[in-house]
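# Quick one, fold the following:
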Amino acid sequence: MEKAKIMVVDDEEGILKSIVGILQDEGYETITARDGREALQTYQQETPDALLLDIWMPDMDGIEALKRLQEIDADSAVVMISGHGTISTAIKAVKLGAFDFIEKPLSMDILLITLEKALEHRKLRQESKRLQRLLKENEKRLQEITFSTPPAAELTKSLPTPPKTFSEPGLRPQHTLKQSMVLYGTGLHSGLKTGMILLPIPADSGILFCNLSEGLIVPGYLDYVRSTEFATSLAKGRTIIRTVEHFMAVLHAYRINNLLIKINEEIPIMDGSALDFCRIIEEAGIEEQMAGYEELVIDRRYQVGEDSPEGKYIYIEPADTFGVRYILSYPPPIGKQEYTFILDGSDSFRREIAPARTFGFLSEAEKLSKMGLAGGGHLHNVVLLDDKGVVNTKLRFPDEFVRHKILDLIGDFYLLNRPIKGMITAHMTGHSENVALLREIRKAMGI
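Prediction:
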């Protein structure tokens, strides 16, 4: 099979030769350019299958070259490379049409893997457009049919085979996003400006978080929970992904099974709720995949903690769907709040649960600050209370606090990357108890 033609664009001669040598060893045909203008001219002459494009170049930088390249070929497979990149630069590049972003010094293994994915992505896009053209041509042909049309059997010979739809008894179709998306924000606990790049991935991949600077993957899975103090954080080795619960709740509600999320350590807090995450999923669109998953059906009652009016406890019982009944019991000004939510679709989640924001007490602010946490908690993304009531905003619901606890719980209960059928009752629990119950379920059911 003939290998693809790759253009390498970099003004550093040593890096250029190094990358070209490795690509040629792998069997790729290579062409080179030293700046953006030369790259655009050579691209139109040589029509390469993919580009490795440096950002920091004289005359015309990589970002400007990328913009103009998209006007020439919207299907171009571009991987940006830079030794001085930031999260905002990476996000901008992907937003402009780049497939991915890799930092120098380059890991050649990551480079080759990313290049293969970029080529596959280009191939799929071109095939999709080809099929769309065929469908339009056939639709036009059908509209021109008159009463003298030959028999239907003769007509359908020229039509392409309709796309397959998933149909497996007892299974539901897996989903990913239809397109890549980006989102800016600030980390709640780190206080750093950050963002997210969301990338569709194949079926059976799961929810994967990727540290943007290192390219290391941490699965959004129960086995990788590192900390549940004030948030749910994941880790693999020294790579940590913090505060995943709100985003995981949205993936749970929208039934997204496969997704790659590139970030710098922490999911952005946005306005303290999950609404912005709902919007970006809806904007991207959801794609059904040709593979299925089986819901986890709770077979008996599982519990963590002992029932008592003052204690923390959480249990789950068999049910036909996934639901949460949460009982919150704080001293005034919050008092006792109770809410029951049945997750029967993304619409009700977006309306009833997603808008509920993170909340905290002014008395805890100093403690969190000393722990190096809540550095990104500001007046616009946390509901703050003193002993008299809310001090910085108006509540979106009278019982917004208990709804937010349900949001956290829905997120934590997607750490098996598959929906669960069962009814949860929880009293004053947090991430630690949520994860403990999930582990108890998995152990008992042999998952």
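# for the helix or strand containing Val79, the distance to its chain's centre please.
Using DSSP states H and E, Val79 sits in strand 78-82. Relative to the mean C-alpha coordinate of its chain, strand 78-82 is positioned 21 Å out (Cα atoms, centre = their mean, to the nearest Å).
# Which strands or helices does it pack on?
Judged by 3 or more Cβ pairs under 8 Å, 6 or more residues apart in numbering; DSSP states H and E, strand 78-82 is in contact with strand 50-54, helix 62-72, helix 87-96, strand 100-103, helix 108-143. (Glycine included, C-beta is placed from N, CA and C.)
# in that strand, what's buried?
Neighbour counts over strand 78-82 (16 or more other Cβ atoms under 10 Å) mark 78-82 as buried.
# next one: stretch 111-127
Per 16+ other Cβ under 10 Å, stretch 111-127 contains these buried residues: 111, 114-115, 117-119, 121-122.
# before we move on, the earlier item: would you convert the buried residues of strand 78-82 into a markdown table that also reports distance to Ala249 and pLDDT?
Below are these laid out as a markdown table (distance: Cβ to Cβ, whole Å; pLDDT from 0 to 100):
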| residue | distance to Ala249 | pLDDT |
| --- | --- | --- |
| Val78 | 33 | 94 |
| Val79 | 32 | 94 |
| Met80 | 31 | 90 |
| Ile81 | 35 | 90 |
| Ser82 | 34 | 81 |
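# For Lys136, state which of these is nearest.
Val78 (27.6 Å; Cβ to Cβ).
# Look at stretch 306-326 and report the distance between its end residues.
End-to-end distance of stretch 306-326: 15 Å, with Cα to Cα, to the nearest Å as the criterion.
# to the chain's geometric centre, what's the distance from that stretch?
29 Å.
# List the buried residues in it.
For stretch 306-326, using 16+ other Cβ under 10 Å, the buried residues are 313-316, 322-326.
# Contacts for that stretch, please.
With contact meaning Cβ atoms under 8 Å, 6 or more residues apart in numbering, stretch 306-326 is reached by 297-305, 329, 338-344, 402, 405-406, 409-410, 413, 419-430, 433-434, 437, 441.
# Likewise for stretch 248-256?
Against stretch 248-256 from outside (Cβ under 8 Å, 6+ apart): 172, 175-177, 207, 220, 232, 259, 274, 277-278, 281, 286, 343, 345-346, 349-350, 353-354, 407-408, 410-415, 419.
# Please flag which of those sit within strands.
Counted as lying in strands by DSSP state E, out of these, are 172, 175-177, 207, 259, 286, 343.
# Narrow those residues to those that are buried.
172, 175-177, 207, 259, 343.
# Among these, show me the least confident.
The member of those with the lowest pLDDT is Arg172, at 93.
# From what I see, that one and Gln289 are in contact.
No - Arg172 is beyond contact range of Gln289, at 10.9 Å (criterion: Cβ atoms under 8 Å).
# Please work out the average pLDDT along the one helix or strand Glu288 maps to.
Assessed by DSSP H and E, Glu288 sits inside strand 286-293. Averaging pLDDT along strand 286-293 gives 95.
# Which strands border the following helix or strand past that strand, and is each parallel or antiparallel?
Toward the C-terminal end, the helix or strand that comes next after strand 286-293 (DSSP H and E) is strand 296-297. Next to strand 296-297 in the sheet, as set by DSSP bridges, lie strand 420-427 (parallel).
# Distance from the chain centre to the partner strand, please.
25 Å.
# Can you dump the C-alpha atoms of that strand in PDB for me?
The C-alpha trace of strand 420-427 is given here as PDB (Å, rounded to 0.1, in the frame of the first residue of the first chain):
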ATOM      1  CA  ILE A 420     -26.800   2.500  35.300                       C
ATOM      2  CA  LYS A 421     -30.300   1.500  36.000                       C
ATOM      3  CA  GLY A 422     -31.000   2.100  39.700                       C
ATOM      4  CA  MET A 423     -32.500   4.600  42.100                       C
ATOM      5  CA  ILE A 424     -30.100   6.400  44.500                       C
ATOM      6  CA  THR A 425     -31.000   7.800  47.800                       C
ATOM      7  CA  ALA A 426     -28.300  10.000  49.400                       C
ATOM      8  CA  HIS A 427     -28.100  12.000  52.600                       C
END
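# Make CSV out of the buried residues of stretch 306-326 and add pLDDT, secondary structure and distance to Asp25.
Formatted as CSV, the buried residues of stretch 306-326 follow (pLDDT from 0 to 100; DSSP: H, G, I helix; E, B strand; the rest coil; distance: Cβ to Cβ, whole Å):
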residue, pLDDT, secondary structure, distance to Asp25
Tyr313, 97, strand, 60
Ile314, 98, strand, 55
Tyr315, 98, strand, 58
Ile316, 98, strand, 54
Phe322, 98, strand, 51
Gly323, 98, strand, 56
Val324, 98, strand, 54
Arg325, 98, strand, 60
Tyr326, 98, strand, 58
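# Next, give me the two most distant ones among those.
Longest span within those, Cβ to Cβ: Tyr313 and Phe322, 19.0 Å.
# and Ala263, how many neighbours does it have?
Actually, residue 263 is Ile. It isn't Ala. Counted by other Cβ atoms under 10 Å, the residues lying close to Ile263 total 25.
# list the helices and strands the strand holding Glu288 packs on?
Using 3+ Cβ pairs under 8 Å, 6+ apart, strand 286-293 sits against strand 172-177.
# what about the strand it packs on, distance to the chain center?
Centre-to-centre, strand 172-177 and its host chain are 13 Å apart (Cα atoms, centre = their mean).
# Now do it and strand 286-293, the angle between them.
140 degrees (axes from the mean of the first three to the mean of the last three Cα atoms, to 10 degrees).
# Partner strands of strand 172-177, with direction?
Strand pairing (DSSP bridges) places strand 172-177 next to strand 286-293 (antiparallel).
# Kindly format the C-alpha coordinates of the strand it pairs with as PDB.
Below are the C-alpha coordinates for strand 286-293, written out as PDB (Å, rounded to 0.1, in the frame of the first residue of the first chain):
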ATOM      1  CA  ILE A 286     -24.000  13.800  18.600                       C
ATOM      2  CA  GLU A 287     -23.000  10.900  16.300                       C
ATOM      3  CA  GLU A 288     -24.300   7.400  16.700                       C
ATOM      4  CA  GLN A 289     -21.600   4.700  16.300                       C
ATOM      5  CA  MET A 290     -21.800   1.200  15.000                       C
ATOM      6  CA  ALA A 291     -21.100  -0.500  18.300                       C
ATOM      7  CA  GLY A 292     -23.300  -1.000  21.400                       C
ATOM      8  CA  TYR A 293     -23.200  -0.900  25.100                       C
END
